[in-house]
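Undergrad: Task: produce atomic coordinates for the following.
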Amino acid sequence: MKTEFEIKVLDIDTKDIEGKLRQAGFTQQPPKAFRRYVYDASKPGDWIRLRTDGTKITLTFKSFVENAIDGVRELEVEVSDFDATNELLEAVGFKATAYQENRRSLYVLDDIEISVDEWPHIPAYLEIEAKEKATVETWLKKLGLTNADTTSETTAEVYKRYGKNINTYDRLTF
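TA: Model prediction:
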């Protein structure tokens, strides 16, 4: 399993951040609208995600280890059919606990990806992802942010910060 080097920054000023990213030389990718099914895995803190952006479909096992830049382990494969993969998972005993949608504006520079993620019912947040922990920390500083501004919490935990329980939404849509 590979380690994700990723951090979230909540309560961002979207226009300010996007301006800083363009000024730093990041290239904005076409915006994406994601659809996903989430399934419980065998132990707390583990989950399976089936996700599509309309072009690429991935099936991912995620394991939350700790609230840190390198706190999530994942194993991901690309699949060819969103609905058929959901049907296969359910046929072998995995029941989707939720259907969710979100939107992402992605900015790329070399091997660094910084996204502004929008989810229904909560404010947009920033995610910084790179191949190394030091690169994530460097870009955090370059954007004028500190570790105190960050979290590696799951999306469910982010919803809790806003007084919402993501598990009460069997369909989370815009």
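Undergrad: Touching, residue 107 and residue 126? I think so.
TA: No: with contact defined as CB atoms under 8 Å, residue 107 does not reach residue 126; the gap is 9.8 Å. Bear in mind the C-beta positions are built from the backbone N, C-alpha and C, glycine included.
Undergrad: in the protein, what secondary structure element scores lowest on mean pLDDT?
TA: strand 2-9 (a mean of 88; mean pLDDT, DSSP states H and E).
Undergrad: which strands and helices sit next to the following helix or strand past that one?
TA: Sequence-wise, the next helix or strand downstream of strand 2-9 (DSSP states H and E) is helix 14-23. Applying 3 or more CB pairs under 8 Å, 6 or more residues apart in numbering; DSSP states H and E, we find helix 14-23 packed against strand 27-28, strand 96-109, strand 112-118.
Undergrad: cutoff 10 Å now
TA: In terms of contacts (3 or more CB pairs under 10 Å, 6 or more residues apart in numbering; DSSP states H and E), helix 14-23 is packed against strand 27-28, strand 96-109, strand 112-118, strand 125-130, helix 133-142.
Undergrad: Give me the contacts around the first one.
TA: With CB atoms under 10 Å, 6 or more residues apart in numbering as the test, strand 27-28 has contacts from 18, 21, 22, 105, 106, 107, 108, 109, 116.
Undergrad: give me that answer again for 6 Å
TA: Around strand 27-28, the neighbours that count as contacts under CB atoms under 6 Å, 6 or more residues apart in numbering are 107, 108.
Undergrad: chain center to it: distance?
TA: With CA atoms, centre = their mean, to the nearest Å as the basis, strand 27-28 stands 18 Å off its chain's centre.
Undergrad: try the last one
TA: Between the centre of helix 133-142 and the centre of its host chain there is 18 Å, according to CA atoms, centre = their mean.
Undergrad: could I get the helices and strands packed on helix 14-23 as a markdown table with distance to residue 76, mean neighbour count and mean pLDDT?
TA: As requested, the helices and strands packed on helix 14-23 are exported to a markdown table (distance: least, CB to CB, whole Å; neighbours: other CB atoms under 10 Å; pLDDT from 0 to 100):
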| stretch | distance to residue 76 | mean neighbour count | mean pLDDT |
| --- | --- | --- | --- |
| strand 27-28 | 24 | 12 | 98 |
| strand 96-109 | 16 | 17 | 97 |
| strand 112-118 | 15 | 21 | 97 |
| strand 125-130 | 13 | 21 | 96 |
| helix 133-142 | 19 | 16 | 95 |
